[in-house]
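A.B. asks: sharing a sequence plus its predicted fold:
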Amino acid sequence: MRATGPLLVIDTATTRAVIALGRADGTLIERRDWVAGYRHGEELLLRIEALLADAGQDRAGLGGIIVGTGPGAFTGLRVGIATAKGLAHALRLPIVGVPTAAALLAAAATGAGDPGRFALLQPAGPNDRVLSRPGQPGVILPGVAEPGMGHGERLVAVDLDGRAPAEAAALGATAQAGLAAALLAAGAARFASGTPDDLASLVPEYVTLPRGVLAALPERAVEMTGGEARP
């Protein structure tokens with residue numbers, strides 16, 4: 001199914017929640033982001049409504065929804081994807097899930113003006129980190145384990161203040177600033193090709209989980225956590 005109206009973008013995989021409105025051709029109309037903390041459930045839908053109202057766009061006129069699928073922590077991703085799915089179901093809209101890591105890497109390359117090789121580092125709980133590379137599943141790095149960078153590869157660090165080199169953190173800030181546009185571009189391309197996701201099978205990539213949740217998650221989520229729940 002192709003999207004014929006404006007696209008709503010939602011991502012809650014990082015500490016900065018992102019929402020945006022864009023055209024079906026991938027042109028960004030407006031983006032908003034904020035430090036979400038643990039208030040995703042209280043704020044997300046209200047902020048989406050404000051974005052649409054300010055743009056003069058009602059829900060019924062939307063053409064589709066794009067949602068970031070992580071990796072990310074349990075609380076933020078759960079709220080973001082549940083909200084995106086709820087809107088898609090209620091409005092009978094097609095939905096596309098875009099890996100947040102892939103979008104951050106694309107945004108870093110665009111922002112840095114460098115098409116070279118990048119690797120993304122994000123937190124996975126208070127001590128561990130998750131390393132993502134283009135086209136590869138995320139890998140959990142326990143404790144202070146080094147990411148093992150390849151020749152010419154540049155590190156992009158997101159949400160790792162004080163736990164990553166300054167250059168990597170700066171690239172991370174660049175990536176976050178361009179995240180909405182990167183998600184929109186990837187999602188719009190999927191809609192243009194007529195390959196949206198199935199609403200029921202769209203799942204997040206968790207890196208941290210409350211205890212007792214792991215057994216209920218699909219295999220992909222178990223892989224991301226290394227097969228064990230984290231406090």
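C.D. replies: Done, it's in. In this text the structure is predicted, and so the values were computed from the model without any measurement.
A.B. asks: how's the chain carved up into domains?
C.D. replies: The chain breaks down by automatic domain parsing into domains covering 7-100+179-225, 103-176.
A.B. asks: pLDDT on the last one, on average?
C.D. replies: If I follow you right, that is domain 103-176. Regarding domain 103-176, the rounded mean pLDDT is 92.
A.B. asks: now find how far off-centre that domain is within its chain.
C.D. replies: 14 Å (Cα atoms, centre = their mean, to the nearest Å).
A.B. asks: endpoint to endpoint, it covers what distance?
C.D. replies: 9 Å (Cα to Cα, to the nearest Å).
A.B. asks: next, format the domains of the chain as JSON lines and append mean neighbour count.
C.D. replies: C-beta coordinates here come from the backbone N, C-alpha and C atoms, glycine included. Shown next, in JSON lines, are the domains of the chain (neighbours: other Cβ atoms under 10 Å):
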{"stretch": "domain 7-100+179-225", "mean neighbour count": "19"}
{"stretch": "domain 103-176", "mean neighbour count": "17"}
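A.B. asks: for the protein, longest helix please?
C.D. replies: helix 74-91 (DSSP state H).
A.B. asks: show me what that helix is packed up against.
C.D. replies: Counting contacts by 3 or more Cβ pairs under 8 Å, 6 or more residues apart in numbering; DSSP states H and E, helix 74-91 is packed against strand 7-11, helix 40-54, strand 64-68, strand 95-98, strand 206-208.
A.B. asks: give me the contacts around it.
C.D. replies: Contact partners of helix 74-91, identified using Cβ atoms under 8 Å, 6 or more residues apart in numbering, comprise 8, 10-15, 17, 36, 38, 40-41, 44-45, 48, 59-60, 62, 65, 67-70, 93-95, 97, 199, 202-206, 208-210, 213.
A.B. asks: circling back to that earlier point, okay if I get the helices and strands packed on helix 74-91 as JSON lines plus distance to residue 176 and mean pLDDT?
C.D. replies: Output for those, formatted as JSON lines (distance: least, Cβ to Cβ, whole Å; pLDDT from 0 to 100):
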{"stretch": "strand 7-11", "distance to residue 176": "10", "mean pLDDT": "98"}
{"stretch": "helix 40-54", "distance to residue 176": "16", "mean pLDDT": "92"}
{"stretch": "strand 64-68", "distance to residue 176": "12", "mean pLDDT": "98"}
{"stretch": "strand 95-98", "distance to residue 176": "15", "mean pLDDT": "98"}
{"stretch": "strand 206-208", "distance to residue 176": "17", "mean pLDDT": "80"}
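A.B. asks: where's residue 131, which helix or strand?
C.D. replies: strand 128-132 (DSSP states H and E).
A.B. asks: compute the first-to-last residue distance for stretch 156-165.
C.D. replies: End-to-end distance of stretch 156-165: 9 Å, with Cα to Cα as the criterion.
A.B. asks: quick one: the helices in this structure, in order.
C.D. replies: 40-54, 74-91, 100-112, 166-177, 179-192, 219-225.
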